[in-house]
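1. quick one, fold the following:
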Amino acid sequence: MSATDRPGILPCQSIEGLIAQGAIAADSPFEPDQVQPASLDLRLGARAWRVRASFLPGRHTVRERIADVAMHELDLTKGAVLERGCVYIAELQERLALPAGISARANPKSSTGRVDVFVRLHTDRGMAFDDVAEHYKGPTYIEIAPQTFSVLVRTGTRLNQLRLKAGEPPRLRVESVGVDLTGEVAGFRGRRHAGVVDLDHVDGHDPRDFWEPLLPRNGQLLLDPGEFYILASKQAVEIPVLEAAEMTPIDPSVGEFRVHYAGFFDPGFGTDEAHGKGSKGVLEVRSHETPFILEDGQTVARLVYEPLTERPTRLYGDLGSHYQRQGLKLSKHFMPWGD
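-> So this is what the prediction gives:
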């Protein structure tokens, strides 16, 4: 059965087929670990622009809009610091020529969300951030807005990922995700005015310079407005090998805070077959204008499961992963807490 015979998320072998056909191309050769079980990592290109404001997708090309709002250009081939509180638009190396019936959706990579860097995909004359319609032919760009830490990036840094789909995959089920506040350390809060996080330096930063541990009281945690938190899910998360999942934004009726920047869970995450049984979901949480009390087990997010078009030839963690079998865990950029 071909990838387009039934609606679903495309597995890795179908993504590799699109690359071979030229439907996905890049400025430099694709890297061996760039295609994940049900997603494609996107890489920063050579240039970025500091912009005075973000802008909505619409009838203009991204370069036309950059010309209106750019303040200065950055050369990413030499590396560049993107400062917190500022907004940037960068070229991505990948460009698309999607065939009929194939569309795409982007999301931040897990490591990007865990350092509170807000990113979203731009395409020429796109109708919405992160969504790419069938038949789109053109370049891709990324908007980058560091919120808590300034970050060092360079050409090739991977901040977001693309999930491709055939047709309109059905929702198989929606599961609630609760928060775990029972541990001796219930979570971490980002320190303001910390140093720069090098987003290509794995295990390269002392977490004590960037994070403050949080101790729950009576199974509760008070979220301060404007602060960023790393918490863990109450229950283990398991993504069956024929499915993929996305963590959806919190419903405003549930609480005055935002959970998650990184939303994609690939097939095999948390499964016995991929040696990940018991993996928790890590939650990136930011309170809005008012203080908010979280309680242990309280629902804070939803996981939406969708089918794959066929079984992927590899599962989450087969190429190595920093987050399989995780509990409460900071991003891969930091040494383990307490080391």
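
2. contact partners of stretch 316-323?
-> Here stretch 316-323 makes contact (C-beta atoms under 8 Å, 6 or more residues apart in numbering) with 32-33, 36-37, 110-111, 202, 239, 265-269, 274-276, 279, 282, 324, 329, 332. Any C-beta I mention is one placed from the backbone N, CA and C, and that applies to glycine too.

3. give me the buried subset of those.
-> Taking 16 or more other C-beta atoms under 10 Å as the criterion, what is buried in the contacts of stretch 316-323 is 36-37, 110-111, 239, 265-269, 274, 276, 279, 282, 324, 329, 332.

4. tell me which of these fall in helices.
-> Counted as lying in helices by DSSP state H, out of the buried ones among the contacts of stretch 316-323, are 110-111.

5. mind listing what the residue lying closest to residue 206 once chain neighbours are set aside touches?
-> Distances taken as C-beta to C-beta, 6 or more residues apart in numbering place residue 335 nearest to residue 206, at 6.2 Å, with adjacent residues excluded. By C-beta under 8 Å, 6+ apart, the contact set of residue 335 is 203-207.

6. do the same with residue 41
-> Residues counted as contacts of residue 41 (C-beta under 8 Å, 6+ apart) are 33-35, 109, 158, 160-161.

7. residue ranges with poor pLDDT in the stretch 201-339 of the chain?
-> For the stretch 201-339 of the chain, residues meeting the criterion pLDDT under 70 lie at 249-262, 319-320, 325, 339.

8. tell me, how many residues neighbour the nearest residue to residue 292 once chain neighbours are set aside?
-> Leaving aside its chain neighbours, residue 292 sits nearest to residue 223 (4.6 Å; criterion: C-beta to C-beta, 6+ apart). Residue 223: 24 surrounding residues under other C-beta atoms under 10 Å.

9. distance check, residue 223 against residue 188.
-> As for residue 223, its distance to residue 188 is 13 Å (criterion: C-beta to C-beta, to the nearest Å).

10. list residues touching both of those two?
-> Jointly contacting residue 223 and residue 188 under the rule C-beta under 8 Å, 6+ apart are residue 229.

11. need the per-residue pLDDT for the residue nearest in space to the middle of the chain.
-> Central residue of the chain (C-alpha atoms, centre = their mean): residue 108, 2.2 Å from the mean position. Residue 108 is assigned 94 on the pLDDT scale.

12. hmm, residue 162 and it touching each other?
-> No - counting by C-beta atoms under 8 Å, residue 108 stays clear of residue 162, with 11.5 Å between them.

13. residue 63 sits in which helix or strand?
-> helix 62-69 (DSSP states H and E).

14. I'd assumed residue 268 was in contact with residue 276.
-> Yes - Residue 276 is within contact range of residue 268, at 6.9 Å (criterion: C-beta under 8 Å).

15. ok, how many other residues are close to residue 156?
-> With other C-beta under 10 Å as criterion, residue 156 counts 15.

16. residues in contact with it?
-> By C-beta under 8 Å, 6+ apart, the contact set of residue 156 is 28, 43-44, 93, 200.

17. that one belongs to a helix?
-> No - counting by DSSP: H, G, I helix; E, B strand; the rest coil, residue 156 is not found in a helix; it is coil.

18. ok, so what distance separates it from residue 199?
-> From residue 156 to residue 199 the distance is 11 Å (C-beta to C-beta).

19. what's the answer for residue 139, then?
-> In terms of C-beta to C-beta, residue 139 sits 22 Å off from residue 199.

20. ok, now residue 185?
-> Remark: distance between residue 185 and residue 199 (C-beta to C-beta) = 24 Å.

21. more neighbours: which of the two?
-> Higher neighbour count among residue 185 and residue 199: residue 199, with 26 against 12, using other C-beta under 10 Å.

22. report pLDDT for that one.
-> Listed pLDDT for residue 199 reads 97.

23. for it, which residues are in contact?
-> 111-112, 115, 117, 151-153, 157, 159, 333.

24. going by distance to residue 100, which of those residues wins?
-> Of all the contacts of residue 199, residue 100 sits closest to residue 159, with 29.1 Å by C-beta to C-beta.

25. can I get whichever helix in the chain runs longest in CSV, CA atoms only?
-> In the chain, taking DSSP H as the definition, the longest helix is helix 12-21. The C-alpha coordinates for helix 12-21 follow below in CSV (Å, rounded to 0.1, in the frame of the first residue of the first chain):
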residue,chain,number,x,y,z
CYS,A,12,10.3,7.7,7.9
GLN,A,13,10.5,5.6,4.8
SER,A,14,7.9,7.7,3.1
ILE,A,15,9.7,10.9,4.0
GLU,A,16,12.9,9.5,2.6
GLY,A,17,10.9,8.7,-0.6
LEU,A,18,9.8,12.3,-0.9
ILE,A,19,13.4,13.4,-0.5
ALA,A,20,14.5,11.0,-3.3
GLN,A,21,11.7,12.4,-5.5
